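**Student:** okay, predicted coordinates and the sequence, questions at the end:
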Amino acid sequence: MSEARVPSQPATPPDPQPARRRHKWTMVVDLDRCTGCQACVVACQAENNIPLNTEAIYLQYRVIEWIRIERYWEKHGEEVRARYIPLLCQQCDNAPCEPVCPVYATYHNVEGLNVQVYNRCVGTRYCANNCPYHARFFNFWQPVWPSTLENQLNPDVTVRWRGIMEKCTFCIQRIRRAQREAAQEGRSLQDGDVVPACVQACPTDALSFGDILDPNSRVSRLAKDKRAYTVLKELGTGPNVIYLAKVDPYAPAPKKHDHH
Amino acid sequence: MGLGKRIRIVFLLGGGMGASLLGLAFLVLVAPRVVAHYSWSVERLFRQAPAQPIAFSHKTHAGDAQIPCLFCHRGAAVEEAAGIPSLQECMFCHRLIVGTTEAQQAEIRKVIEAFGKERPVQWVRVFRLPDHARFVHEAHIRAGFTCADCHGAVETMREVRQVHRSLKMGDCVGCHRQHGAPTDCATCHY
Amino acid sequence: MEITRRDLLKLAGVGLLGAIAFQGCRIPERELRVESPVALPEDLVTGRDNWYATLCQQCGAGCGILVRVMEGRAKKVEGNPDHPLNRGKTCARGQAAVQALYHPDRLATPLLRGQPVDWEAAVAELASQIRQNRGRVFLATNPLRGHVAAVAQAFVQSAGGTLMAYEPLEDTVLRAAVKRLSGQDVLPDYDIANARTVFSFGAGWLETWGSPVRWSWAYGVFRQGRPGERGMFIHADPRFSLTAANADLWLPVRPGAEGVLALAVAYVLIEQGMASRDAADRLTAGRGLAALAAYQPEVVAARVGVPPQRIREAATLFGARRPSVAMVGGSALAHTNGLFTAMAVLSLNALVDSVGRDGGVRFNPPPPLGLPSIPAAPFARWRQALEEMRAGRVGLLIVRGANLSYGLPAEAAEALPGVPFRVFIGPIADDTAQGCDLLLPEADPLEAWGTDAPEPGPGFATLTFQQPVVRPFRQGMSFGDVLLEAGRAAGLTLPWANMQEAVRDGARRLFALGRGSVRAGDEAAFFTGVLQRGGWWDTQERGQGTLRPEPAPATPPAPRFAGEEGEFPFHLIPFTPLGIYDGRGAPLPWLQGLPDGTTTVAWQTWVEIHPAQAEPLGIREGDWVEVISPRGSIRALAYLHPAIPQGVVAVPVGFGHVGMGRWAHRRGSNVFSILAPLTDTETGALAWAATRVRLRRLGQRQRVPKFEGVVLPLQLEERPIIPVVKEA
């Protein structure tokens, strides 16, 4: 999606604005800090109007969790270990979901986000099919909240209808709000201004979020950690979620991994 | 072929063509109007100024009394929604100002009664964007636009009507392109 | 083209249908309206959020939270970054607090004998009952702190009667151990953020035990928050819990043998000369290592279920990598020898000299303003109390937050009908409310005034302030307000008229102290400041204390179990799931729908069993299984757990309610109903891990509602997505 070309003189001169800097939103997940407590999962559900995952939906394998904790078993002989990894939309630079949408409902924007435009989506589900991280979730059913629970819904986030694809947006509503507030105050965004719901809730600070183009941001520093890696790197999707490897002083050399 | 048969054929053909013309006419002329009537009737309604529960006149308040827009629609300078003023705000003045003419007094009595009975007033919305489009008033005020740029000369309107702009997406995108504002989908649709 | 009559009718029909269908595309009615609110404060703008600081009451920890309120509706809970306990963090349960506020099954009006009445009549009835039953009032609550505890105490003192707190998984044993070794009746804090080694026994401190948000925050620092220093975490647990899953070293200790394991560790510490002389002398009564001969690792290995070299390894880490801290709780103390275990583990801290130091055990000062703390009374005392009720010696029972019919189902069913008038105060009718004469809708914590001195606290004096963030959603009244209003109507002498006054008074008295985190010119500004910050704390007012080990018994007290091993081959370990906790989270769909930490099961009671033990019983995943104890049986869905030790099965608590709303009512099974009433020999606390069970396939099967399998696994043997490195 191309940006607007440089315009001619505006009709009314705008207020002097701070220099708009490019951002590239990045999340860092430290697997050595993550305990698998799922505070992030509930925080995301509360913030983003995620439909209720009832027992019926569990039995249909149609649970929607924009951020999920995957638990893998690792067996070493008699010993079994559990490994936890939070997985969410990786906002890939080279996203496999983007080119396949027949109505162009998903695209990559200049901030590095993979944007899902709900009102364009017609529900072909090709994008979810293509996503190697299984980060996309489809509303097979019309989300229903018993009327009183509707009071809790976040007005900053669109409530999706049946037949619409959804996924983690890096809490774009919080990004926009922070950008607005910074512009109102006449300053540029600082590291720590934008905090997605999951990052804010995480008790162990396993999740960090920020602008990797800002050399002083926390994510820039963490991205240089020697434990840093990206998931399914060999697919060349260019994810913007960086993981820091789990540390286990007792890890035996060759590991036998089991499907979960 | 006998004459009778030919006449029957002609009648059938003519009838068939007539019927098909009727069908086509229906499809081309009537159905779109039926569709238009239902889906865009609201737009036409807005252009004609819908009837409001209280005959509030912007001409009187914003025009003659010169009350600035932001005095009542406080949100426009700080938030997404401009906001409709609360009845409490109306009562600031109208606990004293009861109106001069019969008509005025009747309308002002409606406000006082609603406030007294703690019943919110349900206005008919004139400027409306669908749920899937987010519009942030504050960003546009900050960019230097005035209320009239989109809403027209409201201070001249006895009844508010949408005449100045269509407020459809093309309208928004065009203005954004013209003024160098982002045309990223995620600016308004997220 | 030829058009038949049929075609024409079809076309007309399609056109008409099209018109009707397009009508469905009309703009919905509600979008054509916009309303003027009646009143809107100057600082409130539509679409702008306001944040209010208050207290989270979704568990006993008492974290400080900020609630986002938009147009009078609470939308989101976040941690209060100023609050010293949780430092801006929350857990899954805290995040779900807004669902409790807007729960559709909240009681709408008071109910008197099943009939809706207004509050005036309800309070009058309660007042009348109080007057009639002076001296015979029984107030059963959850553990209370802060001003509401003071109100409850004053109420019972004036009315004459008993106040007892109930918690199904009580902390009685730990408190008793701390009392024995330190003389203080307070739960300590553990400075995990500064420790180099953490050794926990049974305590699910990364899940729901103690102060999980605080210690999870500390864990993050412990692991990767100190450059060049990564903490080592050892956990001993008979079950592979989420906490065990995060340990570097998990010791699958046999149920009830945790105390012996702890003393085996002590043995190694003393043997290797790593122990503090003074503490070692106390532990061995001055007789040196010989006094602990029974606890030599090689001797106890079989009994404890951990190989001797592992015990030695753990002990060496604990002794050498200091500061090190030892914690104990959960199922480790839920045995008949619980107190012995608690004292043994706490003594380890004394041995490595970590009491009262950074990275060790920290004592908290007593609550500010002399506010009382009412911990849970032991199970044995509750059985006595229920017996008194059965005998008709209680005239008026007021229950709030104490689900007696759930935790002691058999005893309560027999005893409660012996009380002539029962009152239930709560947001949603629970198991105990069934059969109560008067049901009073309680205000949600987000709608109520109060204070709290968190325990365990952050190591210094803290008083969190709780304020209403929204107007009452249902016609609820807070517990404190009910007691004060009904009490006054009954002629009782009570210190305040309502909870708001109580809180205000508390602020006034804190202001008079002239110290702490909030400074202001006058009392009104001070109160505003305290409400804005979320509380008051004084980092200078710290706790003091020490742990003096008692001499270890020459032979360890063996745990007793209910059920013979032959007939009941498995140890049953109940545990608190991440969301549902001890049942508190059962009404909330977000928490019911939260996958369990290790199994990812949700919405149903499951039983964790090792695959090698399930096979001979013919049990596969999804089989409905009967879990039979000497006391009774429940049904659960089988889940084959690769990491649970053999000989142990685990079942989550919190399910099997009657009432508690649509998402909890009659869902799953209540594990408490099959627990044998064994208690810790010294404190009388319920030994809830001391029941043995056997399993029997019921023949029915179903798919297990669980999260694993919803998404195809990304991790493959040839291409792992979670690389593991050995060094930080």
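**Tutor:** Cool, got the structure.
**Student:** what segments of the stretch 151-260 of chain A are helices?
**Tutor:** A:172-184, A:197-201, A:218-223 (DSSP state H, counting those that start in this stretch).
**Student:** got the buried residues for the last one?
**Tutor:** I take that to be helix A:218-223. A:218-220, A:222-223 (16 or more other C-beta atoms under 10 Å in any protein chain shown). For glycine as for every other residue, the C-beta is placed from the backbone atoms N, C-alpha and C.
**Student:** tell me the residues of the stretch 101-250 of chain A that contact chain B?
**Tutor:** A:107, A:109-111, A:113, A:115, A:117-120, A:158, A:169, A:172-173, A:176, A:180, A:183-184 (C-beta under 8 Å from any C-beta of the partner chain).
**Student:** which of those residues are buried, as a PyMOL select command?
**Tutor:** Provided next is the PyMOL selection string for whichever of these are buried by 16+ other C-beta under 10 Å:
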select buried, chain A and resi 107+109+111+113+115+117+118+120+158+169+172+173+176+180+183
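**Student:** got a list of what C:A39 touches?
**Tutor:** With contact set as C-beta atoms under 8 Å, 6 or more residues apart in numbering or on different chains, C:A39 has these partners: B:86-88.
**Student:** of those residues - the most surrounded one?
**Tutor:** B:L87 (24 neighbours; other C-beta atoms under 10 Å in any protein chain shown).
**Student:** picking up where we left off before, for chain C, find the nearest of the helices of the stretch 151-260 of chain A.
**Tutor:** Evaluated over these, closeness to chain C peaks at helix A:197-201, with 5.2 Å, by C-beta to the nearest C-beta.
**Student:** what's that closest one in contact with?
**Tutor:** Contacts of helix A:197-201 (C-beta under 8 Å, 6+ apart): A:27, A:39-44, A:46-48, A:67, A:86, A:88, A:171, A:174, A:207-209, C:76, C:78-79, C:88-91, C:95.
**Student:** among the helices of the stretch 151-260 of chain A, which comes closest to B:E155?
**Tutor:** In terms of C-beta to C-beta, the element of those nearest to B:E155 is helix A:172-184, at 26.5 Å.
**Student:** coming back round to it: in strands, which of the contacts of helix A:197-201 fall?
**Tutor:** Among the contacts of helix A:197-201, the members found in strands (DSSP state E) are A:27, A:86, A:207-209, C:76, C:78-79.
**Student:** kindly reformat those as a markdown table containing pLDDT, neighbour count and distance to A:V100.
**Tutor:** Below are these laid out as a markdown table (pLDDT from 0 to 100; neighbours: other C-beta atoms under 10 Å in any protein chain shown; distance: C-beta to C-beta, whole Å):
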| residue | pLDDT | neighbour count | distance to A:V100 |
| --- | --- | --- | --- |
| A:M27 | 98 | 27 | 24 |
| A:P86 | 97 | 22 | 26 |
| A:L207 | 98 | 24 | 29 |
| A:S208 | 98 | 24 | 31 |
| A:F209 | 98 | 25 | 28 |
| C:K76 | 97 | 25 | 34 |
| C:E78 | 97 | 22 | 37 |
| C:G79 | 97 | 27 | 40 |
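**Student:** save these as a markdown table, and put in distance to C:A108 too.
**Tutor:** Below are those laid out as a markdown table (distance: C-beta to C-beta, whole Å):
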| residue | distance to C:A108 |
| --- | --- |
| A:M27 | 43 |
| A:P86 | 39 |
| A:L207 | 40 |
| A:S208 | 44 |
| A:F209 | 41 |
| C:K76 | 25 |
| C:E78 | 29 |
| C:G79 | 31 |
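**Student:** what parts of chain B come near chain A?
**Tutor:** B:78, B:130-133, B:136, B:138-139, B:142-146, B:149, B:176-186, B:189-190.
**Student:** quick one on the thing from earlier: which one of the buried residues of helix A:218-223 is nearest C:V671?
**Tutor:** For those, the nearest to C:V671 is A:L222 (42.3 Å; C-beta to C-beta).
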